[in-house]
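A.B. asks: Kindly return the folded structure for what I paste below:
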Amino acid sequence: MRLKIDFKLSGNQEVKDRLQRLIIQSPAKVDEKLDETASDIERDAKSMAPTKTGALRDSIEKKKVSILHYIIGAYAPYAGWVERGHHSYPGRPFMEPAARMNESRLKEKLLTAINETR
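C.D. replies: So this is what the prediction gives:
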């Protein structure tokens, strides 16, 4: 099970424009913040994953696909059922909450990076 989360930066147009400029002028800086956040999501998902044998927790990993593109996945075959539930089994979400916990942190990191490039 791979998790796809698209973050939307809300705020005024000036902030959005400055983020676009930062991505164009310094993609490595933005990628660094994304890498940190992806690692945080991986860590938090592992700490929230239900454990019986530890296989689900151990299957969670971050992969860098390309610059500005990361995937954090739980690769145990039953990961989706644990996250979302099954007809006779209620879900025990761990990936989605981990991503949501880190959403505001990513926004803060990006805003800090924007302000550092003024």
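A.B. asks: pLDDT-wise, which helix or strand of this protein ranks last?
C.D. replies: The helix or strand of the chain with the lowest confidence, counting by mean pLDDT, DSSP states H and E, is strand 2-3 at a mean of 57.
A.B. asks: need the contact list for residue 33.
C.D. replies: When contacts are counted by C-beta atoms under 8 Å, 6 or more residues apart in numbering, residue 33 touches 106, 109, 110, 113. Where you see a C-beta, it was placed from the backbone N, CA and C, and this is true even at glycine.
A.B. asks: between these, which is nearest residue 89?
C.D. replies: residue 106 (31.4 Å; C-beta to C-beta).
A.B. asks: which stretch of helix or strand covers the closest residue to the closest one other than its chain neighbours?
C.D. replies: Take residue 106 and drop its neighbours on the chain: the residue closest to it by C-beta to C-beta, 6 or more residues apart in numbering is residue 37, 4.4 Å away. If you go by DSSP states H and E, residue 37 is part of helix 27-48.
A.B. asks: From the chain's centroid, how far away is that helix?
C.D. replies: On the basis of C-alpha atoms, centre = their mean, to the nearest Å, helix 27-48 sits 6 Å off its chain's mean C-alpha point.
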